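> Sequence plus predicted model, see below.
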Amino acid sequence: MSHRNTFRIWMAIAVLLFAAGEAMALSDAYKGNIYNPGILKPIDSKLRVKVGMEAPDFNLPSVAGERVTLRSYRGKKNVVLSFVPAAWTPVCSDQWPGYNIVKDLFDGHDAILLGITVDSIPTLFSWTNQMGKLWFPVLSDFWPHGAVADRYGVLRSDGTSERALFVIDKQGIIRYIDVHDINQRPSLEDLVKELDKLR
C-alpha cells in the first residue's frame, strides 16, 4: 500500500473520530466546570483580511511561557490559526482536543496549529491542563485585549473572538478563511482539503 493511500485511510479514520466527537457529550474531565452561554449570534464581526493577503504578524504569549510570532514560521511551516471564543465553554472545549488526536494530519501537511483566545494565561493554563497535553501552542490575545483578533477582523462586539480558522502558507499568505458559526465546530474535512491545496 502506498504512503499516499495509507495517509488517506488515516485521514478518513481521523475525520470519523472527529465527527463522532461532535455527537458525544463533553469529556468527564471537565466535571461540571463548563459555562454554557446558550445559542449565540452565529457571526458578529467584519473581516479585515482576505484570501491572497499577507497575514498580519503578531507576537503573543503562550501557555508554555514563551512568546510566539507568526513570522517565525515563514519559509518553514504552513500555519493554521484557530481562534476560539472563550475558555471553559462547550464547543471550544471539544474543538481543540479534537485537533489533538489528529496531529499526524497537520504533520503530513507540514503545518503547525496555533490556538488563540482572548483569555488570560492563567485561565488558559487551567483550561488546557484540564484537556490534557495539547501538541500545539496555545496563545493569549488578552492584552491589549483582542488586538490580534481585531487585526484579523474576528473580534466580536462582546469582546470574545469568532470561531475562525485561517490557513497561511509558508510565504505568509492567507490561503483559506473560515469564520464559522460560533455555535458549531468547523469541519476537519474541509480544513484538510484546504491544506491539501498547499502541497
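That came through, no problem.
> Confirm residue 97 sits in a helix?
Yes - counting by DSSP: H, G, I helix; E, B strand; the rest coil, residue 97 is located in a helix.
> Find the nearest non-adjacent residue to it, please.
Computed as Cβ to Cβ, 6 or more residues apart in numbering, the closest residue to residue 97 that is not its neighbour in sequence is residue 131, at 5.1 Å. (C-beta placed from N, C-alpha, C; glycine too.)
> Test my guess that that neighbour contacts residue 100.
Yes - the criterion here is Cβ atoms under 8 Å, and residue 131 meets it with residue 100 at 7.3 Å.
> would you list every one of the strands in this protein?
Counting by DSSP state E, the segments of the chain that form strands are 59-61, 67-69, 78-83, 111-117, 138-140, 163-168, 174-180.
> would a markdown table of these with mean neighbour count, distance to residue 47 and mean pLDDT be doable?
Output for the strands of the chain, formatted as a markdown table (neighbours: other Cβ atoms under 10 Å; distance: least, Cβ to Cβ, whole Å; pLDDT from 0 to 100):
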| stretch | mean neighbour count | distance to residue 47 | mean pLDDT |
| --- | --- | --- | --- |
| strand 59-61 | 17 | 20 | 98 |
| strand 67-69 | 13 | 22 | 98 |
| strand 78-83 | 22 | 12 | 98 |
| strand 111-117 | 23 | 16 | 98 |
| strand 138-140 | 25 | 20 | 98 |
| strand 163-168 | 24 | 9 | 98 |
| strand 174-180 | 19 | 7 | 98 |
